[in-house]
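Novice: Sequence first, then the predicted structure:
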Amino acid sequence: MHKKDIILKKYIRIFTSWRFYFFAIWKLPMVFITRIRVAKLTHKESVVTVPYNYLNKNPFRSTYFAVQAMGAELSTGVLVLMHVDGYNISTLVTKLNSKYFKKATTKVNFICLDGEKIIQHVQRAIDSREGVIFDLKSKGYDLDGLCVSEFDITWSLKLRKR
């Protein structure tokens, strides 16, 4: 089994099972409170679900924008964390842009398909030993398959000095 497949299995075990509850309480308490979950994880994509419930809604009876942002960021972040695993690389979100197309009144699935892009940028950060800044896209779809929001999240990766 290749190293990247072992890392993928590790992250699937952490993020898509009961272990995620403990991880979320420890590292991401707001994700735990809002019941955001990683539904699917591969080398190339991730799917994060954001439920529509009492804690996540705004006074206008839709999912609060910040909760959607958390789901979108997690869909990119889990891929980034997985691809930097084993390297001494610092990660940071430096910018977040969002567009909203319709009210989110059901569960929303945030999908990030930029795994290959992350692999290239991690390698660039390792080779250049300089900071690398790049954008990842996450789109949120309701249960009818309609896009409710779209996020462009700017990540910075930098190889730490030993």
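Specialist: Looks like it came in fine.
Novice: Quick one: mean pLDDT over stretch 86-93.
Specialist: Averaged across stretch 86-93, pLDDT comes to 93.
Novice: tell me which residues in it are buried?
Specialist: By neighbour count, with 16 or more other Cβ atoms under 10 Å as the criterion, the buried positions of stretch 86-93 are residue 89. Heads up, the C-betas are built off the backbone N, CA and C, glycines and all.
Novice: Please tell me I have it right and residue 91 contacts residue 82.
Specialist: No - the criterion here is Cβ atoms under 8 Å, and residue 91 misses it with residue 82 at 11.2 Å.
Novice: What number of neighbouring residues does residue 156 come out with?
Specialist: Residue 156 is flanked by 16 other residues according to other Cβ atoms under 10 Å.
Novice: Could you do residue 32 as well?
Specialist: Around residue 32 there are 16 other residues, counting by other Cβ under 10 Å.
Novice: next one: residue 74
Specialist: 24.
Novice: Would you check how far apart it and residue 90 are?
Specialist: The spacing between residue 74 and residue 90, counted by Cβ to Cβ, to the nearest Å, is 18 Å.
Novice: How about residue 123?
Specialist: The span separating residue 123 from residue 90 equals 16 Å under the rule Cβ to Cβ.
Novice: Please pull out the lowest mean pLDDT helix or strand from the protein.
Specialist: Taking mean pLDDT, DSSP states H and E as the measure, the helices and strands of the chain show their lowest mean at helix 3-15, namely a mean of 79.
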